[in-house]
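In: Fold the following.
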Amino acid sequence: MHTRPDLPQGLGSLLLVALVLGISACATPRGAATSVTLTADKPNVVSYWNEVANRTVLATSTVNSTPEEQRPAFFHDLATVHVAIYDAAVAIDGRYKPFAVKPRASAAGASTEAAVGAAAYGVLKALFPNRSAQYQAAYEQRLAAVPDGAAKTLGLALGSEVAAEVVRLRANDGRTVALAPYVSGTAAGQFRSANPNPLFRHLPSIKPFALDRIDQFRPAPPPNLDSAAYAGAVNETRALGGSTSTVRSPEQLEVARFHTEPPPTFVTRNFGRLASSTADAADAARLMAMVYVAFADTIAACFEAKYHYSFWRPVSAIHMADADGNDKTQPDVKWAPVLPTPNHPEYPAAHSCTSGSLGGALLGYYGTPNVTFAWDSKVTGTTRTFAGTDAFNDENRFARIHGGMHFGFATEAGAELGKQVAQWVTARHFGRQQ
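Out: Okay, here's the model as predicted:
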């Protein structure tokens with residue numbers, strides 16, 4: 001059982017540090033770093049196209065003709081864009097290994113600006129042909145600023161080739177899988193869906209970017225219902241995460257609210273700051289591709305585990321505690337979580353999966369756990385600062401308990417899954433050329 005309801009206050013000293021996203025003078029991704037402070041003050045071609053891609057992927061259209069338009073998966077779609085940007089940028093830069101495509105087009109003398117633009121544009125146009133209002137003018141205006149000549153021509157050819165090949169490699173990625181109607185469980189421990197269509201059931205069917213199998217890092221099962229570990233977790237969430245609580249502090253509730261902004265905007269906006277944390281286009285492309293590939297594979301792996309175990313949420317567990325066979329839990333049919341519970345199974349916790357993935361990707365990229373960065377939330381209108389690659393994940397894990405939607409063992413399993421995926425990605429991809 002977790003016994004640290006004061007964790008957010010314990011992080012208070014970190015939050016007093018007035019830091020924002022970017023790279024400090026004392027560290028660089030090209031060498032060993034003892035500490036890194038991120039500041040989002042170095043806009044570049046990668047950050048420009050990241051913003052355009054964010055708008056495109058999150059937009060809606062009245063006509064939807066591609067699988068990506070019909071069944072969006074922002075994590076995978078942005079990973080696709082950033083893989084293309086990365087492979088185009090590093091083909092010209094020469095320091096890093098390609099992830100998916102080594103273009104045949106000549107890179108010597110090619111414009112990185114033109115190549116990155118053509119790569120991003122080519123992917124967006126192929127995936128989202130009916131959302132051209134988000135990217136067409138942006139492409140034409142940015143390209144117009146690149147001087148005409150051989151460098152521009154070479155860059156456009158290289159970027160277009162990379163985009164076409166990345167789109168080809170990701171075609172028919174599995175998101176269109178036909179899903180049988182969902183049937184909620186009825187036994188103790190089984191997930192009860194809030195409506196007939198729980199969320200993100202299709203994610204496990206999307207082919208991974210880097211993992212060998214989507215279940216590669218599936219966590220061990222949650223604790224048995226009659227175990228002391230299960231009872232401790234249930235009673236912890238019941239005490240700390242209910243609509244009324246005598247032990248949860250106002251700050252803990254505020255932190256829990258901070259982490260409830262919907263992921264499509266919460267993640268894309270805050271990840272976007274990473275793109276402008278360095279002025280070097282190849283380094284920015286590498287960081288964003290590494291983060292998004294790890295993120296996409298993590299979220300799919302997380303939901304594979306969720307629907308494999310189909311474990312019930314705290315609200316069901318507490319209401320039906322008389323059916324769990326554990327004499328250390330007591331039913332309370334009036335209990336309600338203080339914050340809304342997402343409509344998908346409890347174990348492992350998805351927010352913890354992805355926050356573990358982010359920390360793992362930053363650790364792999366910078367080679368040090370001493371990475372400080374900021375994150376903001378539109379729900380609370382505040383920005384919080386995190387010192388260390390695990391700090392965001394540590395706060396996020398407890399926020400899900402304090403919000404009443406998760407058990408501690410689910411946040412721990414999720415964080416570990418995310419770290420394992422990120423470690424796999426960063427150990428096998430995006431390395432330096434020999």
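
In: Quickly note the distance from the residue of the chain positioned farthest from its centre to residue 390.
Out: Distance from the centre of the chain peaks at residue 149, with 38.9 Å (CA atoms, centre = their mean). Distance, residue 149 to residue 390, using CB to CB, to the nearest Å: 48 Å. Glycine gets a C-beta too; all of them are placed from N, C-alpha and C.

In: Name the residues that touch stretch 234-243?
Out: 1-2, 5, 245-248, 252, 314, 317-318, 321, 326, 328-329, 332, 335-339, 401-408 (CB atoms under 8 Å, 6 or more residues apart in numbering).

In: Apply 7 Å and report the result again.
Out: Stretch 234-243 is contacted from outside by 1-2, 5, 245, 247-248, 314, 317-318, 321, 329, 335-338, 401-404, 407-408, using CB atoms under 7 Å, 6 or more residues apart in numbering.

In: Kindly report the same for stretch 117-127.
Out: Taking CB under 7 Å, 6+ apart as the rule, stretch 117-127 contacts 45, 49, 52-53, 56, 66, 68, 77, 80-81, 84-85, 88, 135, 139, 142-143, 155-156, 159-160, 162-164, 166-167.

In: next one: stretch 142-155
Out: 48, 106, 109, 110, 111, 112, 113, 114, 115, 117, 118.

In: still on that earlier bit, Produce a ChimeraX select command limited to the buried residues of the contacts of stretch 234-243.
Out: The ChimeraX command for the buried members of the contacts of stretch 234-243 (criterion: 16 or more other CB atoms under 10 Å) is given here:
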select :2,5,245,248,314,317,318,321,329,335,336,337,338,401,402,403,404,407,408
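
In: Apply the buried test to the contacts of stretch 117-127 and list what passes.
Out: Buried among these by 16+ other CB under 10 Å: 45, 49, 52-53, 56, 68, 77, 80-81, 84-85, 88, 135, 139, 142-143, 155-156, 159-160, 162-164, 166-167.

In: Which of these fall in helices?
Out: Among the buried ones among the contacts of stretch 117-127, the members falling in helices (DSSP state H) are 45, 49, 52-53, 56, 68, 77, 80-81, 84-85, 88, 139, 142-143, 155-156, 159-160, 162-164, 166-167.

In: Low-confidence regions, the protein specifically.
Out: 1-33 (pLDDT under 70).

In: got the domain boundaries for it?
Out: According to automatic domain parsing, the chain comprises the domains 7-37+201-428, 45-170.

In: what's the closest of those to residue 190?
Out: Closest approach to residue 190 among the domains of the chain (CB to CB): domain 7-37+201-428, 5.8 Å.

In: how far does that closest one sit from the chain's center?
Out: 9 Å (CA atoms, centre = their mean, to the nearest Å).

In: Sketch out the strands for this structure, chain order is fine.
Out: 36-37, 371-377, 382-387 (DSSP state E).

In: Not counting its own residues, what contacts stretch 427-434?
Out: Under CB under 7 Å, 6+ apart, the answer for stretch 427-434 is 94, 95, 96, 97, 99, 210, 286, 289, 290.

In: Restricted to helices, list those residues.
Out: Reading helices off the contacts of stretch 427-434 with DSSP H, I get 286, 289, 290.

In: Closest to residue 297 out of those?
Out: Nearest member of the ones in helices among the contacts of stretch 427-434 to residue 297, counting by CB to CB, is residue 290, at 11.4 Å.

In: That closest one and residue 357, how far apart?
Out: The gap separating residue 290 from residue 357 is 10 Å, by CB to CB.

In: So for the two, which residue has more residues nearby?
Out: Ranked by neighbour count (other CB atoms under 10 Å), residue 290 and residue 357 place residue 357 first, with 32 against 25.

In: could the strands of the chain be laid out in TSV, adding distance to residue 258?
Out: Below are those laid out as TSV (distance: least, CB to CB, whole Å):
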stretch	distance to residue 258
strand 36-37	21
strand 371-377	4
strand 382-387	7
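
In: The spatially most central residue of the chain: what's it in contact with?
Out: Closest to where the C-alpha atoms of the chain average out (CA atoms, centre = their mean) is residue 295, at 4.1 Å. Contacts for residue 295 (CB under 7 Å, 6+ apart) come out as 75, 79, 354, 357.

In: With residue 425 instead?
Out: So residue 425 contacts 210, 290, 293, 294, 297 (CB under 7 Å, 6+ apart).

In: can you tell me which of the domains of the chain comes nearest to residue 182?
Out: domain 7-37+201-428 (6.7 Å).

In: Neighbours of residue 196, how many?
Out: Count around residue 196 with other CB under 10 Å applied: 9.

In: got the phi/psi numbers for it?
Out: Torsion angles at residue 196 (phi, psi; degrees, to the nearest 10) stand at phi -70, psi -10.

In: just to revisit the earlier point, what's the ChimeraX syntax to select whichever of the contacts of stretch 142-155 are buried?
Out: To isolate the buried members of the contacts of stretch 142-155 in ChimeraX, using 16+ other CB under 10 Å:
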select :48,110,111,112,113,114,115,117,118
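
In: Tell me, how many residues neighbour the closest residue to residue 163 other than its chain neighbours?
Out: Spatially, and ignoring its direct neighbours in sequence, residue 163 is nearest to residue 122 (2.6 Å; CB to CB, 6 or more residues apart in numbering). Other residues lying near residue 122 total 24 when counted by other CB under 10 Å.
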